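Engineer: build the 3D model from these lines:
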Amino acid sequence: MAVAIMQPYFFPYLGYFQLVQAVDHFVFYDDVMFIKKGWINRNRILMQGNEFLFTIPLEKQSQNKTIRESTVSWGKEFPNKFMNQLDSAYKKAPNYTVVRELVEQVLHRKFESLADLASESVQATWAYLGLEKKFYQSSVLSVSNDHGRAERLIEITKSLGESSYINAVNGQELYEKSFFKENGIDLHFLKPNLNPYPQGSTKEFVNGLSMIDVLMWNNKEEVVQWVKNFQLI
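Structural biologist: Got it, this is the predicted structure:
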């Protein structure tokens, strides 16, 4: 039984969902500081065969706020402009109608907090794929944020009654397995496997795009298999 703890991203890439698949308990790390120009409120899709970076606009965007304290700027520009961009990018994709409805379903709830909007995009996608998981938000778990970075991850894992923690592969630069082991937790890292797939008229496959792109071009059964295609190291 394992735990993963990750900042909530808005319709993140396939590797994020592989991390969800790898664990029994998935915690959205929503009470840590928002990082500007990161992937929390931004991602890439394909627009006429070219990479296009979309952004969820925020009210008074600041790195002095947590993700939970960061609020979405709803208005004339968003979500209408974003939905028009999806229409332009994917109107010829085989799953355009159902995936557009999925995105609309998430946006229709108009969450004030970016944390809630982003985590809902992950949970709604998971449900769309017919999968189940126990999701949590770190802000409502009774674990103090006064701990050091590694120490808090350990305490959150223990608070859920587990002794195994899985981090994204780039976490190898931050965390030592030996330190976690000394504190009663087995640490593993997830190395994603990202399958190429047809992307309409694009000549060369563009990897690591938002899950929106994956879902537009592939059926659920294929995506479920890809979600399970990873390595633990």
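Engineer: pLDDT value on the residue sitting furthest away from the middle of the chain, please?
Structural biologist: Computed with C-alpha atoms, centre = their mean, the residue of the chain farthest from its C-alpha average is residue 182, at 29.5 Å. Reported pLDDT at residue 182 in the predicted model: 98.
Engineer: mind listing what's buried in the longest helix seen in the chain?
Structural biologist: Scanning the chain for the longest helix, with DSSP state H as the assignment, gives helix 114-128. Along helix 114-128, the positions that meet the burial threshold by neighbour count (16 or more other C-beta atoms under 10 Å) are 114-126, 128. (Each C-beta comes from the backbone N, C-alpha and C, glycine too.)
Engineer: neighbours of residue 144, how many?
Structural biologist: Using other C-beta atoms under 10 Å, residue 144 is surrounded by 9 other residues.
Engineer: residues contacting it?
Structural biologist: Taking C-beta atoms under 8 Å, 6 or more residues apart in numbering as the definition of contact, the neighbours of residue 144 are 152, 155.
Engineer: how near is it to residue 152?
Structural biologist: Counting by C-beta to C-beta, to the nearest Å, the gap between residue 144 and residue 152 amounts to 8 Å.
Engineer: ok, now residue 186?
Structural biologist: The gap separating residue 186 from residue 152 is 17 Å, by C-beta to C-beta.
Engineer: neighbour-wise, which of those two wins?
Structural biologist: Higher neighbour count among residue 186 and residue 152: residue 152, with 19 against 14, using other C-beta under 10 Å.
Engineer: what about that one, which helix or strand?
Structural biologist: Element membership for residue 152, per DSSP states H and E: helix 149-159.
Engineer: in that helix, which residues are buried?
Structural biologist: 150, 152, 153, 154, 155, 156, 157, 158, 159.
Engineer: now do stretch 66-82
Structural biologist: 66, 67, 68, 69, 70, 71, 72, 78, 79, 82.
Engineer: I'd like these as JSON lines, with pLDDT appended.
Structural biologist: Formatted as JSON lines, those follow (pLDDT from 0 to 100):
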{"residue": "66", "pLDDT": "96"}
{"residue": "67", "pLDDT": "97"}
{"residue": "68", "pLDDT": "97"}
{"residue": "69", "pLDDT": "97"}
{"residue": "70", "pLDDT": "97"}
{"residue": "71", "pLDDT": "97"}
{"residue": "72", "pLDDT": "97"}
{"residue": "78", "pLDDT": "95"}
{"residue": "79", "pLDDT": "96"}
{"residue": "82", "pLDDT": "97"}
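Engineer: go through those and name the one nearest residue 14.
Structural biologist: When the buried residues of stretch 66-82 are compared for distance to residue 14 (C-beta to C-beta), residue 82 comes out closest, at 20.5 Å.
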